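> let's see this in three dimensions:
(one chain, ligands or ions: 1)
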Amino acid sequence: MGIFNSNTKLKILFVTSEEAPFAKAGGLGEVMFSLPRALNELGHDARVMAPRYAGIEVRSHGAFNMVLENLAVPTAPENKGKELFCNVWKYDQTSDPKSPVTSYFLENQEYYELRSNIYGYVDDHLRFALLSRGCLEFLNDSRDWLPDIIVAADWMTGFLPNFLKTDYKDYVRLRPIATVFSIHNLAMQGIKHKYIAEMDRDDGYGPVPDFFSPRMQKINALRRGIRYADVVNTVSPTYASEIMAEEFGEGLDALLRERRSRVFGILNGIDYETNDPASDPFVEKKFTARSLAKRLENKLALQKRFGLPEDKNIFVAGVVSRLTKQKGFDLFSGVIDQFLKISNGQLIVLGSGDGNFMDYFQALEKKFPDQVRAHLQFDETLPHLVYAGSDVILIPSYYEPSGLTQMEAMRFGAVPVARKVGGLADSITDFSPETGIGDGFLFGEYDPNAFLVSLTRAFTNWRHKESWKKLQKQAMGKDFSWITSAREYEKIFVRASEIRKEENKKEATG
Ligand code: GLC
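Predicted coordinates:
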């Protein structure tokens with residue numbers, strides 16, 4: 001019998017480079033907001049630790065207190081070398097139903113406070129190694145609260161399980177802590193590994209070098225997270241199996257296969273409190289699956305907001321995405337023009353990212369001034385209006401660890417047209433007009449024509465108003481609440497704790 005029963009309350013610390021609403025660049029930040037909240041709903045004590053970037057206003061905000069000052073964080077093996085001094089702020093969860101969970105913020109002027117962005121600096125490897133090590137020093141120092149489990153997310157915190165098992169293995173206070181390493185995107189490894197000569201690549205063994213040494217630039221934090229964590233998980237079952245093969249393995253598939261018995265895939269969920277068409281502050285007209293007629297008001301509001309012809313009978317396709325290669329935008333050119341001509345539909349693109357895609361969508365807008373709008377910067381008031389006003393949402397990703405857009409869009413009644421890959425395959429069921437089963441349109445091959453075919457299928461089905469309404473209701477009714485996934489996380493936390501206990505016992509006796 002395992003150590004877990006429904007009364008066991010776990011203390012869980014998520015260590016992350018992003019936590020919405022404090023700091024968010026993408027889906028990771030969203031998950032770090034909503035998953036800990038769901039775990040707390042199940043009775044656990046989940047908290048988060050992140051860097052205190054310039055944008056996080058701690059001083060003027062009553063919920064923040066400084067809990068530790070002048071924490072000395074070593075930056076080299078055997079605690080030699082330079083120390084970096086950090087403070088730790090604590091945010092206490094408020095009674096606001098939308099409040100993030102209790103969170104800690106590691107403050108360092110040079111590496112976080114003086115930087116306005118989360119990523120994109122030449123010393124990112126050092127900035128995030130500081131987060132991992134700073135977190136362990138903080139936990140060792142603080143007499144207040146100690147987690148049973150640490151969840152480290154993506155390459156940015158890959159050094160944490162590594163440090164805990166090596167440099168920190170004799171720290172008695174930290175020894176019982178089990179680690180879970182969560183992969184939200186395997187392709188991001190913190191280094192341009194493809195450009196590092198084979199011989200020079202990090203095999204994941206050996207001490208983490210001095211933070212300031214040039215070797216540090218070549219150390220693969222993601223590999224180390226996978227290698228040292230008690231348990232590894234990723235954000236959908238399909239992605240978990242895809243990364244064990246070469247195509248999406250990003251050079252780490254062999255290691256993942258080696259650790260296969262400890263690798264799990266749990267589909268992300270979305271926060272139902274902040275994704276609710278019946279109460280959303282950003283939609284024009286609130287609605288539910290039972291009042292879909294009201295939803296059409298949002299289509300008109302969306303068209304108006306973007307300066308497009310306002311007409312309920314025009315097919316509207318939306319895109320809400322980071323504009324990167326991962327998200328499949330290569331598939332647009334060539335087929336979208338054709339589709340816009342045949343359907344007379346409208347396309348609204350919301351997002352920013354790679355210059356070539358931004359240029360592409362800008363040019364498309366010029367070419368189809370009555371049909372296309374590209375809003376190429378982040379604006380938090382817009383995504384929900386796009387979901388509430390569009391008929392379909394396009395997500396032709398090349399790969400997709402989980403994807404949150406499809407879940408959010410479906411909740412607002414926008415039907416996904418997506419590639420059957422990763423978490424998209426786990427969250428969308430292809431619609432069949434014959435059986436009436438399904439909640440979206442999927443295509444398999446990463447090929448522009450396959451994308452066009454599924455988009456055309458969506459358009460054709462949209463013209464049958466009654467069956468489309470049924471399809472929308474099915475999409476809106478699908479259960480993406482975090483509670484289901486949070487229960488799966490409980491299981492892997494228990495597994496991680498068991499592994500840690502066994503290994504600690506072995507070490508003590510051996
Ligand atoms: C990354 C992945 C995305 C996932 C998100 C949250 O951004 O690319 O698929 O939904 O992390 O897990």
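> what residues does the stretch 401-510 of the chain put near the ligand?
Selection of the stretch 401-510 of the chain residues close to the ligand by Cβ under 6 Å from any ligand atom yields P401, S402, G403, L404, G423. Placement of C-beta: from N, CA and C, glycine included.
> now with 8 Å?
Residues of the stretch 401-510 of the chain lying close to the ligand by Cβ under 8 Å from any ligand atom are P401, S402, G403, L404, G422, G423.
> which one of those sits closest to A293?
Lowest distance from A293 to those (Cβ to Cβ) belongs to L404, with 27.4 Å.
> hmm, K473 is touching T288, no?
No - proximity of K473 to T288 does not meet the contact threshold set by Cβ atoms under 8 Å, at 9.9 Å.
> dihedrals phi and psi, the residue in the chain that the ligand sits nearest to?
As assessed by Cβ to the nearest ligand atom, the ligand sits closest to G27 within the chain, at 2.7 Å. Torsion angles at G27 (phi, psi; degrees, to the nearest 10) stand at phi -60, psi -30.
> mind checking pLDDT for it?
pLDDT for G27: 94.
> which ones are touching N268?
Going by Cβ atoms under 8 Å, 6 or more residues apart in numbering, N268 touches G27, V31, L35, V235, S236, S402, G403, L404, M407, G423, S485.
> could you find the closest non-adjacent residue to the last one?
The reference is to S485. Of all residues not flanking S485 in the chain, G269 sits nearest, at 4.6 Å (Cβ to Cβ, 6 or more residues apart in numbering).
> relative to E490, how far out is that neighbour?
Relative to E490, G269 is positioned 14 Å away (Cβ to Cβ, to the nearest Å).
> now swap in A289 and tell me
Distance, A289 to E490, using Cβ to Cβ: 30 Å.
> surely I177 and F163 touch.
No - using Cβ under 8 Å, I177 makes no contact with F163, being 11.5 Å away.
> helices of the stretch 101-250 of the chain, start to end?
For the stretch 101-250 of the chain, the helices defined by DSSP state H, counting those that start in this stretch occupy 124-141, 159-165, 221-228, 237-242, 246-249.
> how about JSON lines for the ones you listed, with distance to the ligand added?
Compiled in JSON lines, these are given as follows (distance: least, Cβ to the nearest ligand atom, whole Å):
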{"stretch": "helix 124-141", "distance to the ligand": "16"}
{"stretch": "helix 159-165", "distance to the ligand": "18"}
{"stretch": "helix 221-228", "distance to the ligand": "13"}
{"stretch": "helix 237-242", "distance to the ligand": "8"}
{"stretch": "helix 246-249", "distance to the ligand": "12"}
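> contacting residues around the longest strand seen in the chain?
Longest strand in the chain by number of residues (criterion: DSSP state E): strand 64-74. Identification of contacts with strand 64-74 by Cβ under 8 Å, 6+ apart yields 58, 80-81, 83-92, 104-105, 130, 133-134, 137-138, 141-142, 144.
> give the rounded mean pLDDT of that strand.
96.
> with stretch 318-337 instead?
96.
> close to the ligand, is it?
Yes - using Cβ under 8 Å from any ligand atom, we find that stretch 318-337 touches the ligand at R322, Q326.
> what comes up buried for that stretch?
318-324, 326-332, 335-336 (16 or more other Cβ atoms under 10 Å).
> and stretch 201-209, how far out from the chain's middle?
27 Å (Cα atoms, centre = their mean, to the nearest Å).
> so what touches that stretch?
Residues contacting stretch 201-209 (Cβ under 8 Å, 6+ apart): 76-77, 129, 159, 162-163, 166-167, 193, 215-216, 218-220, 223-224, 226-227, 255.
> please redo it, this time with the cut-off set to 10 Å
Applying Cβ atoms under 10 Å, 6 or more residues apart in numbering, the contact partners of stretch 201-209 are 75-78, 81, 129, 132-133, 158-159, 162-163, 166-167, 189, 191, 193-194, 196, 215-228, 251-252, 255.
> stretch 466-475 now?
Residues outside stretch 466-475 that contact it (Cβ under 10 Å, 6+ apart): 288-290, 292-293, 295, 391, 406-407, 409-416, 428-429, 431, 433, 436-441, 458, 461-462, 464.
> test my guess that N79 contacts Y171.
No - contact criterion Cβ atoms under 10 Å: N79 and Y171 do not qualify, at 11.5 Å.
> now do the contacts for R257.
Residues near R257 by Cβ under 10 Å, 6+ apart: I243, M244, A245, G249, V263.
> quick revisit: which of the contacts of stretch 201-209 are buried, as a ChimeraX select command?
Those of those that count as buried under 16+ other Cβ under 10 Å are selected in ChimeraX with:
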select :75,76,129,132,133,158,159,162,163,166,167,189,191,193,216,217,218,219,220,221,222,223,224,225,226,227,228,251,252,255
